[in-house]
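Colleague: Turn this into a model:
(4 chains)
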2 protein chains.
Amino acid sequence: MDFQQNIKIAVDAIVFGYADNRLNVLLIKQKFGTLKNQWALVGGFVKDNETLINAVNRELVEEAGIKVNFLEQLYTFGDDIERDPRFRVVSVAYFALVNSSKLNLKADSDAEEAKWFSIKELPMLAFDHESILKMALNRLQSKLTYQPIGFDLLPKEFLFSELENLYCTILEKEIDRRNFRKKILSFGIVEETDKYGNNIKGRPAKLYKFNKLKYNKLIKEGILFEINFA
Amino acid sequence: MDFQQNIKIAVDAIVFGYADNRLNVLLIKQKFGTLKNQWALVGGFVKDNETLINAVNRELVEEAGIKVNFLEQLYTFGDDIERDPRFRVVSVAYFALVNSSKLNLKADSDAEEAKWFSIKELPMLAFDHESILKMALNRLQSKLTYQPIGFDLLPKEFLFSELENLYCTILEKEIDRRNFRKKILSFGIVEETDKYGNNIKGRPAKLYKFNKLKYNKLIKEGILFEINFA
DNA sequence: ACAAAAGTGTTAATCTTACACCCATGT
DNA sequence: ACATGGGTGTAAGATTAACACTTTTGT
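Modeller: Residues are numbered from 1 along each chain as shown, chains lettered A, B, ... in the order given. The predicted structure follows:
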């Protein structure tokens, strides 16, 4: 069974970061090559002896010098045969989150510029990257309500108000502070620390942290985490 | 930018069917070649000028002569580099449902045998197909609770008890008949017909049908369909 | 004393669960 | 008349939604 197939496999990563009440996405601009001066998602071709997940992580390091907190497969785009004008490409897209401490990108390389963009102010994107991004955003929004991935966008210790704002911002809706706090605390996966944040105005606010171990234990017990509120 | 990449792209389909209170999966046994005498999922390599979705549909016709009611991407398996002993393969797996009228497969070709297996009595499977199947089963179970895909496993007109049994069987739990019926009917997407099923015992049972148009309308309005019950 | 954000409880409404009897048919 | 599966309602309990005042700090 020997046959020829001329399809290339690539990986792309949609990396979200959150800071100052804004959801950001990581984009790359190549200074040379086919994509010269176009903003695009982090990504590239998979090497013969490399797993898909390793390929994504490698591209994330090479193109942005970043390690992510959360990474999962999003979707494989292979139904647009002329997606890439050079040759047929099937791209496996990954969905990634980084916490806000990683929003400072390493100095740009000679070949590429990496930058965070607010999802409210996106530039034109290469290929079908805009639709990939939209899909990732949907995934983020829906996942936020049944898996505690919001914590992967925040620093290890955070204010309750930051968590609350994150939900408001990403889901684009108002939430009731009291009900939100009650719900989150009822799962028992968020713990008070004895430290305080350095908010400059108002009453000092306690820092909280996410207890991942406890969360994993609860998941094993089949408890389900769901956040729906008005 | 010219480079060599020696990775093949394949598609695989996990096709579920439901009949006689059993969930079945479609498997193929090749009579020749590398997979000789091993049961495997429907699948094969993608042609250069073929979309992924077309590739799956083609394989479904070629290997089992079947058209499915529901088809969506499941996951792309590309992290096991030695998955296929012949060469590096990345496989895009699809999740498919057929209704019970399609459980009769066309006569086997000379090259292949296609057969339905109860998921309770599976043979040994080729490659990593067992883990792919497990993933598909999880998808089916979780999807059943928030998307009305159960109807794609039933004939156009069905008894309420069939729908109920389908949920019991696939989710592997007991459900309360009264609460189930109330919940399903409350969405307004299942309608009574004026026909009756031909059940041989007991009181004659009405046939019902799924109103897909209404469902689509509700989805657009943002109503969410969720079935959780004790 | 006031501005700013943090922290906290109660009640009404809704949804979910648990549960058992009558109905229509074939034998 | 009985066996079989179809069809239905209600009440208790749990969850969610709506809503506003007090606390702690800096200025």
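Colleague: Please, where are all the helices along chain A?
Modeller: A:52-64, A:129-144, A:160-171, A:177-187, A:212-220 (DSSP state H).
Colleague: Kindly compare burial across the ones you listed and name the winner.
Modeller: Mean neighbour count, computed with mean count of other Cβ atoms under 10 Å in any protein chain shown, is highest for helix A:52-64 among those, reaching a mean of 20. C-beta here means a position set from N, CA and C on the backbone, and glycine is covered the same way.
Colleague: Check what contacts it and list those residues.
Modeller: Among residues not part of helix A:52-64, those counted as contacts by Cβ atoms under 8 Å, 6 or more residues apart in numbering or on different chains are A:9, A:11, A:13, A:15, A:26, A:28, A:42-47, A:50, A:66-68, A:71, A:73, A:92, A:94, A:96, A:105-106, A:112, A:114, B:76, B:78-79, B:90.
Colleague: Pull out the buried members of those.
Modeller: A:9, A:11, A:13, A:15, A:26, A:28, A:42-46, A:50, A:66, A:68, A:71, A:73, A:92, A:94, A:96, A:105, A:112, A:114, B:76, B:78, B:90 (16 or more other Cβ atoms under 10 Å in any protein chain shown).
Colleague: Could you check how far the nearest residue to residue A:223 once chain neighbours are set aside is from chain B?
Modeller: Counting by Cβ to Cβ, 6 or more residues apart in numbering or on different chains, residue A:223 lies nearest to residue A:187, which is 7.9 Å off, once chain neighbours are set aside. As for residue A:187, its distance to chain B is 17 Å (criterion: Cβ to the nearest Cβ, to the nearest Å).
Colleague: Please apply the same query to residue A:40.
Modeller: Distance, residue A:40 to chain B, using Cβ to the nearest Cβ: 14 Å.
Colleague: beta partners of that residue?
Modeller: On the basis of DSSP bridges, residue A:40 is bridged to residue A:28.
Colleague: and whichever residue of chain A sits closest to DNA strand C, how many neighbours?
Modeller: Residue of chain A nearest DNA strand C, by Cβ to the nearest atom of the strand: residue A:202 (2.5 Å). Residues lying near residue A:202 (other Cβ atoms under 10 Å in any protein chain shown) number 7.
Colleague: repeat for the one 5 residues further on
Modeller: Using other Cβ under 10 Å, the number of residues around residue A:207 comes to 19.
Colleague: From residue B:218, how far off is it?
Modeller: Residue A:207 sits 43 Å away from residue B:218, going by Cβ to Cβ, to the nearest Å.
Colleague: Quick check: can you list the domain ranges of chain A?
Modeller: A:8-144, A:149-220 (automatic domain parsing).
Colleague: Could you check how far the shortest one is from the centre of its chain?
Modeller: For domain A:149-220, the gap between its own C-alpha mean and the chain's C-alpha mean amounts to 18 Å (Cα atoms, centre = their mean, to the nearest Å).
Colleague: I'd like the mean pLDDT over it, please.
Modeller: For domain A:149-220, mean pLDDT rounds to 96.
Colleague: ok, that domain near DNA strand D or not?
Modeller: Yes. If you take Cβ under 7 Å from any atom of the strand as the test, domain A:149-220 does meet DNA strand D, through A:176, A:177, A:178, A:179, A:183, A:200, A:201, A:202, A:203, A:204.
Colleague: of all the domains of chain A, which lies closest to residue B:83?
Modeller: domain A:8-144 (10.4 Å; Cβ to Cβ).
Colleague: and the closest one, how far from the chain's centre?
Modeller: 10 Å.
Colleague: and it, how far apart are its ends?
Modeller: Using Cα to Cα, to the nearest Å, the end-to-end distance of domain A:8-144 comes out at 33 Å.
Colleague: anything in it near DNA strand C?
Modeller: No. Using Cβ under 7 Å from any atom of the strand, domain A:8-144 stays clear of DNA strand C, with a minimum separation of 11.6 Å.
Colleague: Let me know the average pLDDT across that domain.
Modeller: Domain A:8-144 comes out at a mean pLDDT of 93.
Colleague: Now do the same contact list for residue A:226.
Modeller: Taking Cβ under 8 Å, 6+ apart as the test, what residue A:226 contacts is A:145, A:146.
Colleague: Could you do residue A:210 as well?
Modeller: Neighbouring residues of residue A:210 by Cβ under 8 Å, 6+ apart: A:148, A:151, A:156, A:189, A:190, A:191.
Colleague: Any quick PyMOL command for the buried ones out of the residues you listed?
Modeller: A single PyMOL command suffices to select whichever of the contacts of residue A:210 are buried according to 16+ other Cβ under 10 Å:
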select buried, chain A and resi 148+151+189+190
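Colleague: The contacts of residue A:210: which ones sit near DNA strand C?
Modeller: Counting by Cβ under 7 Å from any atom of the strand, no member of the contacts of residue A:210 is near DNA strand C.
Colleague: Could you dump the contacts of residue A:210 into CSV and include distance to residue A:228?
Modeller: Shown next, in CSV, are those (distance: Cβ to Cβ, whole Å):
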residue, distance to residue A:228
A:148, 14
A:151, 18
A:156, 27
A:189, 17
A:190, 17
A:191, 23
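Colleague: Narrow the contacts of residue A:210 to those in strands?
Modeller: Among the contacts of residue A:210, the members falling in strands (DSSP state E) are A:190, A:191.
Colleague: The contacts of residue A:210 into JSON lines, with extra columns for distance to chain B?
Modeller: Below are the contacts of residue A:210 laid out as JSON lines (distance: Cβ to the nearest Cβ, whole Å):
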{"residue": "A:148", "distance to chain B": "17"}
{"residue": "A:151", "distance to chain B": "22"}
{"residue": "A:156", "distance to chain B": "28"}
{"residue": "A:189", "distance to chain B": "21"}
{"residue": "A:190", "distance to chain B": "24"}
{"residue": "A:191", "distance to chain B": "28"}
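Colleague: Just name the closest of the contacts of residue A:210 to residue A:34, please.
Modeller: Closest to residue A:34, out of all of the contacts of residue A:210 and judged by Cβ to Cβ, is residue A:151, at 37.9 Å.
Colleague: Any idea what the nearest residue to the closest one once chain neighbours are set aside is bridged to?
Modeller: Distances taken as Cβ to Cβ, 6+ apart put residue A:210 closest to residue A:151, at 4.0 Å, once the chain neighbours are dropped. When assigned by DSSP bridges, residue A:210 has beta-bridge partners residue A:190.
Colleague: quick one, what contacts residue A:196?
Modeller: A:204, A:205, A:206, A:207 are the contacts of residue A:196 under Cβ under 8 Å, 6+ apart.
Colleague: Establish whether the biggest strand by length in chain A and chain B are in contact.
Modeller: Longest strand in chain A by number of residues (criterion: DSSP E): strand A:8-19. Yes. Applying Cβ under 8 Å from any Cβ of the partner chain, one finds strand A:8-19 touching chain B at A:8, A:9.
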